[in-house]
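Chemist: sequence and predicted model, in that order:
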Amino acid sequence: MVTVRLPQYLKILMISIKTSQEIGIMREGGRMLAVIMKELLVGVKPGVSTAELDKMAREKILKAGAKPAFLNYQGFPAVMCTSVNNQVVHAIPLARQVLNKGDIITLDLGLTWKGFYLDMARTVPVGEISDEAARLVRITRKALRLGIKKVRPGITVGDIGNTIERFLTGQQYGIVRELCGHGIGKDLHEEPQIPNYGKRHTGTELKEGMVICIEPMVTMGGDAVKRAKDGQTFETKDGSLAAHFEDTILVTATGAEVLTDTKQVNE
């Protein structure tokens, strides 16, 4: 789940460095979340409603002994955000919203485990999709990988944002600038904020033991977004398709450890 980008003068920078014990807890929670996400993605198919997917997410989180992170957070009424097509983030699951072949959907899901938050998102196709939509999903996934590859102690959030921005601009895609990634730990949204654009060597410097969420939000059109009438959902202002990928990442002594890596989950 993303955070709204705030001007620097409105923020109080309190960066949390996790202890080895806290990191161990977040590793457990991250793997748990990755397992649940992988299972949910199998359920994405034409004819399924977003409310059904949300029910599945709730059941799986509770069965694992964890707690939903998003339910009632800032008024959000569901366990998972299910953003379809031009919806960027924070879309509310609905029984009447049935997935159709050719759609793309972002599942954005978080949980709490032993007092710590984990957060991740994946955009996937619903059945067969257009070549243009498939490319958008592929490029957004790569933008996340490039951002993660940049992570190590001593670099700044501006370095991460600049890497993502230069790649996406080169691909001629829009970058959502009003929303951003974030630190995470005992709170869902901690400092620092992690924009998907920026200048090199500017902003907060990463240190070993920090845990952050990097989450490119990419559109096939312009950068601008708007809130829907439900007061939660962000949509592209021009109606273009959007994709969103997110992982929870630990800053290690030598680089990055993806705590929500679905590739590390056994079949």
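Modeler: The structure has been received and is ready for your questions. Note that the structure is a prediction, hence the values are computed from the model and not measured.

Chemist: so what touches the least confident helix or strand in the chain by mean pLDDT?
Modeler: Every helix and strand in the chain was compared by mean pLDDT, DSSP states H and E; the lowest is strand 3-4, with a mean of 72. Under the criterion Cβ atoms under 8 Å, 6 or more residues apart in numbering, residues 178-182, 189, 193 lie in contact with strand 3-4. C-beta coordinates here come from the backbone N, C-alpha and C atoms, glycine included.

Chemist: give the PyMOL command for selecting the buried subset of these.
Modeler: Buried subset of the contacts of strand 3-4, written as a PyMOL selection, criterion 16 or more other Cβ atoms under 10 Å:
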select buried, resi 179+180+181+182+189+193
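
Chemist: reformat the contacts of strand 3-4 as CSV; add pLDDT.
Modeler: Output for the contacts of strand 3-4, formatted as CSV (pLDDT from 0 to 100):
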residue, pLDDT
178, 96
179, 97
180, 97
181, 98
182, 97
189, 96
193, 96
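
Chemist: buried sites along the helix or strand just after the least confident helix or strand of the chain?
Modeler: Next helix or strand after strand 3-4 toward the C-terminus (DSSP states H and E): helix 20-42. By neighbour count with 16+ other Cβ under 10 Å, helix 20-42 contains the buried residues 22-23, 25-26, 28-37, 40.

Chemist: distance check, residue 218 against residue 249.
Modeler: The span separating residue 218 from residue 249 equals 18 Å under the rule Cβ to Cβ, to the nearest Å.

Chemist: just to check, residue 120 is in contact with residue 247?
Modeler: Yes - using Cβ atoms under 8 Å, residue 120 is in contact with residue 247, at 5.5 Å.

Chemist: shared neighbours, those two?
Modeler: Common contact partners of residue 120 and residue 247 (Cβ under 8 Å, 6+ apart): 213, 260.

Chemist: quick one, what contacts residue 36?
Modeler: 57, 60-61, 64, 109, 111.

Chemist: buried ones among these?
Modeler: Using 16+ other Cβ under 10 Å as the burial test, the contacts of residue 36 include 57, 60-61, 109, 111 as buried.

Chemist: number of nearby residues for residue 125?
Modeler: 16 (other Cβ atoms under 10 Å).

Chemist: touching, it and residue 134? I think so.
Modeler: Yes - Residue 125 lies in contact with residue 134 (Cβ under 8 Å); the separation is 6.7 Å.

Chemist: and residue 147, its phi and psi?
Modeler: phi -60, psi -40 (degrees, to the nearest 10).

Chemist: which residue packs closest to it, ignoring adjacent ones?
Modeler: Among residues not flanking residue 147 along the chain, residue 214 sits closest, at 4.4 Å (Cβ to Cβ, 6 or more residues apart in numbering).

Chemist: so residue 102 sits right up against residue 130, yeah?
Modeler: Yes - between residue 102 and residue 130 there is a contact under Cβ under 8 Å: 6.8 Å.

Chemist: what strands line up against the strand or helix carrying residue 235, and which way round?
Modeler: Following DSSP H and E, one finds residue 235 within strand 234-236. When pairs are called by DSSP bridges, strand 234-236 turns out to pair with strand 87-89 (antiparallel), strand 225-227 (antiparallel).

Chemist: taking the buried residues of helix 20-42, tell me the two that lie furthest apart.
Modeler: 22 and 40 (26.4 Å; Cβ to Cβ).
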